[in-house]
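**Q** Model the structure of this input:
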Amino acid sequence: MSPATSNKRRFRPTGFLAGIRWRLPVIAALVLTLCLTASAKADVVISAYPSLVEIRTAANSKESRDVIVRNEGSEPYQVIATIEPYRDIKDGRSATTWLMVEPKSFELVPGQQRAVKVTLQVPPGQDSGGRYASVAFKTTAQPFDGSGATFSAKLAVPFLITVEGRGPLALKGVVDRLLPVLEADGRLGFRALLLNRGNLHFQARGAVELSREDGTPVGRLALADTTAVLPGSDALIVTQSTLPMVEGASYYAQTVVEYGGGAPATMATAFKATAALDITNVSVREIPEKGPVLQLSLRNRGELGLQPRIRIAMRDGDGRAVGYASPPRPQLVWPGQTVNIETQYPGLLDSGNYSLSARAEFGSASEAERELAFKLGNPAPKPNPDWGVASADATIGIPGVAGWLAATPLLAVLALGAGFAFRPVLASLRRRMLIALKTLRRTEQV
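**A** Residues are numbered from 1 along each chain as shown. Modelled structure (predicted):
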């Protein structure tokens, strides 16, 4: 190679440098991914103070309150303020048309806060009672560079409004039922169903006193404090701990609930500590291209409320375990109540025979069990290697003499047609064979 030619050679990296050269696009993509991941992990957090606003006012009045909104995260965002219903309150108690918020949108950088003015305008001629709405704040973060991803957060500040208008203000709470419950630890707890029969909201707290049949005290359980119980609604209050019990023994329980009214709401009940649960009406419903739907019913025959945990095991026709299902735990099965449970088996099952074993566990060692044998689909047809899958009623065998005789004319016609069709091909092959033989003879002579 001449010097001129060698001077024109281009430098080609080898070894480590060559590896770096070909990996540069991959490295760049990884760096970009890490940057986007770091941005995606940025916190979008919003807070508001106060978290709840209570206003007592008169009809045909106007008042305002400030809500401080703060960006507690690490990314800037825009905030949109709207008026929304509070819980599922009916139109007769809704105050969504009475509230206005200003500004309706604004931006916040991390650590910045902004005062939002909420104005309440009560129309004239209103009846006395509670009215309710929420001021909601929702963030709309800007998309990160190149990712196109946005993140948002939302919180709502309830506005609980007491209007003094036509008629009296009525604050009235009633304990409709006191239920002893067998808890998961095998001890006694309680549920108190509290109704609001007045026209104002309230918050309640209370306790349950438990004693034996002869009056000997067993203990006292505090009820969890409630949130706002709205007019016409109810709250199921739960005890915060449990007490020991003797199965089958008789007890007496009494609850006292304070809610801000003139007299507390009270309720008493006598009961036997018996827990009995039956699994009834077990069935399986097949759904094409999905797992089967499992259905069962739970009936509480005892005097204690139950929160059973359901476990369902599936076995094939040979008794082998194929899978399990755990339906959502029912909130509470009251004494004398029947609860229906439905869940879809998490997976597909082949056609065939199966058995289902359903078990309901309640308390620390009690359980109920029920089994069911069932069949899914039809047996799969046997495949025919020559013609594909045969139908379920198809039979494959050797035709008899009568069959061959009946088919003879058809076979003769097919053979004759094949002879005419292949005649040019056979002639061409014959000519080629003759030429090959002549060539071979000449070679031998030489």
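**Q** List the buried residues of stretch 161-177.
**A** Ile161, Thr162, Val163, Glu164, Gly165, Leu171, Lys172, Gly173, Val174, Val175 (16 or more other CB atoms under 10 Å). Bear in mind the C-beta positions are built from the backbone N, C-alpha and C, glycine included.
**Q** what's the third one in contact with, if anything?
**A** Residues in contact with Val163 (CB atoms under 8 Å, 6 or more residues apart in numbering) are Thr57, Ala58, Ala59, Val122, Gln126, Asp127, Ser128, Gly129, Gly130, Arg131.
**Q** again with the fifth one
**A** If you count contacts by CB under 8 Å, 6+ apart, Gly165 has them with Ala58, Ala59, Gly125, Gln126, Asp127, Ser128, Gly129.
**Q** looking at the protein, which helix or strand does the model trust least?
**A** strand 388-389 (a mean of 42; mean pLDDT, DSSP states H and E).
**Q** Using neighbour counts, pick out the buried residues of the helix or strand hosting Val208.
**A** Assigned by DSSP states H and E, Val208 belongs to strand 205-212. Neighbour-count burial for strand 205-212 flags Gly206, Ala207, Val208, Leu210 (criterion: 16+ other CB under 10 Å).
**Q** Now the second one: closest residue in space that isn't a chain neighbour?
**A** In this case it means Ala207. Leaving aside its chain neighbours, Ala207 sits nearest to Ala222 (5.0 Å; criterion: CB to CB, 6 or more residues apart in numbering).
**Q** can you check the first one too?
**A** For Gly206, the nearest residue in space outside its immediate sequence neighbours is Val257; the separation is 3.5 Å by CB to CB, 6+ apart.
**Q** before we move on, back to that, is it possible to export the buried residues of stretch 161-177 to TSV including pLDDT and distance to Arg285?
**A** What follows is these, written out as TSV (pLDDT from 0 to 100; distance: CB to CB, whole Å):
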residue	pLDDT	distance to Arg285
Ile161	97	49
Thr162	96	51
Val163	96	52
Glu164	95	57
Gly165	93	55
Leu171	94	50
Lys172	95	47
Gly173	96	44
Val174	96	42
Val175	97	41
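**Q** Filter these down to just the ones in strands.
**A** Ile161, Thr162, Val163, Glu164, Gly173, Val174, Val175 (DSSP state E).
**Q** beta partners of the third one?
**A** When you say that, I think you mean Val163. Taking DSSP bridges, one finds Thr57, Gly129 as the beta-bridge partners of Val163.
**Q** what do you get for the fifth one?
**A** According to DSSP bridges, Asn196 are recorded as the beta-bridge partners of Gly173.
**Q** shift numbering so it begins at 49
**A** In the new count, where the first residue is 49, that last one comes out as Gly221.
**Q** List the contacts of Leu241.
**A** Val223, Asp224, Arg225, Leu226, Leu227, Asp282, Ala283, Leu284, Ile285.
**Q** Kindly report the same for Arg363.
**A** Ala369, Val370, Tyr402, Ser403, Ser405.
**Q** Let me know the helix or strand that it is in.
**A** strand 357-364.
**Q** With Val330 instead?
**A** Residue-wise, Val330 maps onto strand 325-333 under DSSP H and E.
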